[in-house]
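Enquirer: Build me a model:
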Amino acid sequence: MVSQEQRRRQLAREKFLRQQQRRTVARRKTRTRNAAIASALAVVIIGSLALYTTGVLKGDDDSKSNANAEVTPSATSKAPDPCEKPAAGKVKTATWKKEPELTIDKSAKYAMKLATTCGDIDIALKASAAPHTVNSFAFLAGKGYFDHSKCHRLVDSGIYVLQCGDPQGTGMGGPGYTIPDENLKDTSLKGGVYPAGTVAMANQYNAQTKEGRDSGGSQFFLVYQDSQLPADYTPFGTVSEAGMKVLKKIAGAGAQAADPQTMNTAPNATVVINKATVTKS
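Expert: All right, here's what the predicted structure looks like:
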């Protein structure tokens with residue numbers, strides 16, 4: 001006999017898959033619409049001032065979404081903001097056409113520090129198990145890509161994650177390139193559970209259609225409570241004990257109602273990454 005808890009988890013997973021499909025369809029419609037608008041603008045601008053056509057027709061790599069690692073969350077009542085005001089500065093919008101060259105030492109230890117408005121989150125990175133992912137984060141952090149960006153989603157039902165890494169703050173942004181899935185057989189992922197403290201990549205993989213492998217970009221999620229998820233999201237780091245306290249504080253403030261446009265459930269806490277750094281030891 002299926003217990004109530006098992007049934008609840010099954011329903012949560014089903015909602016997760018349905019939302020993935022809806023977001024995939026929405027992304028395709030958005031790309032098609034944007035392409036049509038860009039073409040129309042190009043015709044108008046070519047007729048009046050040809051010097052501007054290059055800017056209009058430039059490819060928009062930021063339209064890719066890497067943010068499917070969530071189920072439909074439940075909104076909670078708004079709690080006081082436990083975090084500080086963000087540091088002065090602007091988000092960078094640079095993108096790159098291809099994955100950076102693999103330059104990290106896979107035998108060395110690497111760590112990432114997220115200096116956030118809510119406190120420092122230290123993460124031990126798994127360079128040997130997920131070299132492409134760690135290399136990408138070292139590259140992006142070195143470029144200041146994550147600095148001043150918001151953590152745009154908090155999921156507090158079914159799974160329990162804080163999602164970050166999109167300078168746009170919409171769940172639709174990315175660095176312009178993708179990286180391969182890695183470390184999906186990590187021994188920590190037992191029984192379809194991503195344990196608390198796991199840091200993993202968000203991506204566009206659809207478990208039903210089996211499409212969207214190797215689609216990670218810059219968005220990632222931090223698990224603040226054991227979460228049932230299939231092993232489809234690259235686990236590449238582990239949050240420190242002190243960092244878990246920060247995550248718990250953020251989660252304790254709850255999430256907002258889903259945005260009707262993006263379906264994001266933003267954290268009530270003002271979670272901004274003031275500075276992200278990756279260091280080798």
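
Enquirer: Which neighbouring elements make contact with whichever strand in the chain runs longest?
Expert: Across the chain, the strand with the greatest residue count (assigned by DSSP state E) is strand 272-280. With contacts defined as 3 or more C-beta pairs under 8 Å, 6 or more residues apart in numbering; DSSP states H and E, strand 272-280 has these neighbours: strand 110-116, helix 131-142, strand 149-150. Heads up, the C-betas are built off the backbone N, CA and C, glycines and all.

Enquirer: Turn these into TSV, including mean pLDDT and mean neighbour count.
Expert: Compiled in TSV, the helices and strands packed on strand 272-280 are given as follows (pLDDT from 0 to 100; neighbours: other C-beta atoms under 10 Å):
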stretch	mean pLDDT	mean neighbour count
strand 110-116	98	21
helix 131-142	98	22
strand 149-150	98	22
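
Enquirer: Without its sequence neighbours, what residue ends up closest to T178?
Expert: Of all residues beyond its chain neighbours, the one nearest T178 is S215 (5.3 Å), with distances taken as C-beta to C-beta, 6 or more residues apart in numbering.

Enquirer: So which residues of the stretch 101-250 of the chain form strands?
Expert: Applying DSSP state E, counting those that start in this stretch to the stretch 101-250 of the chain gives strands spanning 110-116, 119-125, 149-150, 153-157, 159-164, 193-194, 198-201, 220-223, 227-228, 235-239.

Enquirer: List the beta-bridge partners for A276.
Expert: A276 has these beta-bridge partners by DSSP bridges: L114.

Enquirer: Touching, it and D120? I think so.
Expert: No - between A276 and D120 no contact is recorded; they are 10.8 Å apart, counting by C-beta atoms under 8 Å.

Enquirer: Could you list the low-pLDDT ranges of the stretch 101-250 of the chain?
Expert: Within the stretch 101-250 of the chain, not a single segment meets pLDDT under 70.

Enquirer: one step back: output the strands of the stretch 101-250 of the chain in JSON lines; the columns should cover distance to L102.
Expert: Converted to JSON lines, those look like this (distance: least, C-beta to C-beta, whole Å):
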{"stretch": "strand 110-116", "distance to L102": "13"}
{"stretch": "strand 119-125", "distance to L102": "14"}
{"stretch": "strand 149-150", "distance to L102": "24"}
{"stretch": "strand 153-157", "distance to L102": "29"}
{"stretch": "strand 159-164", "distance to L102": "23"}
{"stretch": "strand 193-194", "distance to L102": "25"}
{"stretch": "strand 198-201", "distance to L102": "16"}
{"stretch": "strand 220-223", "distance to L102": "19"}
{"stretch": "strand 227-228", "distance to L102": "30"}
{"stretch": "strand 235-239", "distance to L102": "14"}
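
Enquirer: This completes my enquiry, with thanks.
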